[in-house]
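J.: prediction below, plus the sequence it came from.
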Amino acid sequence: MSPAGFWANPWQYGYARAAFRFAQRAGAVGRPQILALARIPLTCGLTQAAFVARPSNITPEHATADALAFLRARDAVYAILADRETFTDTIPVGVPVTIGWGTRDRMLPSSQARVAMRRLPHARFMPLPGCGHVPMTDDPVLVASVLLDGSGR
């Protein structure tokens with residue numbers, strides 16, 4: 001689902017890295033405020049708005065759990081974004097690959113999906129209409145369908 005490593009240009013990597021690091025630092029500094037916003041039904045979606053296209057789908061419980069998990073994953077986020085890794089491997093033709101990409105992904109835009117299509121010509125690409133970078137929050141039924149269909153191949 002919207003995998004990193006298919007940067008169309010260096011700016012896209014820099015943007016993703018800066019956005020995730022900013023979110024980590026802001027969350028660490030403003031943790032009490034972020035958690036307070038996450039617990040209020042009217043504002044809970046704001047805590048996830050950069051990552052989802054439909055923040056109104058988020059409940060306070062979901063927002064709080066996601067915020068805490070994201071903050072706990074600081075070392076992993078920094079490790080993943082430490083270097084501009086680019087996917088250059090090949091996948092044998094017989095290995096089924098399905099890639100879903102949110103059409104409203106603000107972290108990894110659709111131009112990166114086009115790069116992925118060129119690098120993985122045998123993969124099946126599924127646009128996820130109306131979904132952001134975390135499509136399972138925006139449309140869990142669609143994501144489940146894509147995963148089940150792809151794993152059945």
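T.: Received the coordinates, thanks. Numbers count the residues shown, from 1 in each chain.

J.: what's the longest helix in the protein?
T.: Secondary structure of the chain per DSSP state H: the longest helix is helix 10-29.

J.: pull the CA atoms of the helix or strand bottoming out on mean pLDDT in the chain into CSV?
T.: Taking mean pLDDT, DSSP states H and E as the measure, the chain has helix 31-39 as its least confident helix or strand, at a mean of 84. Output in CSV follows, covering the C-alpha atoms of helix 31-39 (Å, rounded to 0.1, in the frame of the first residue of the first chain):
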residue,chain,number,x,y,z
ARG,A,31,2.6,15.2,23.1
PRO,A,32,0.1,16.3,25.7
GLN,A,33,-1.6,18.7,23.3
ILE,A,34,-1.7,16.1,20.5
LEU,A,35,-3.2,13.5,22.8
ALA,A,36,-5.7,16.0,24.1
LEU,A,37,-6.8,16.9,20.5
ALA,A,38,-6.9,13.2,19.6
ARG,A,39,-9.4,12.6,22.5
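
J.: report all helices and strands that the helix or strand just after that helix contacts.
T.: Scanning forward in sequence from helix 31-39 by DSSP states H and E, the next helix or strand is helix 60-72. Under the contact criterion of 3 or more C-beta pairs under 8 Å, 6 or more residues apart in numbering; DSSP states H and E, helix 60-72 touches helix 10-29, helix 31-39. Placement of C-beta: from N, CA and C, glycine included.
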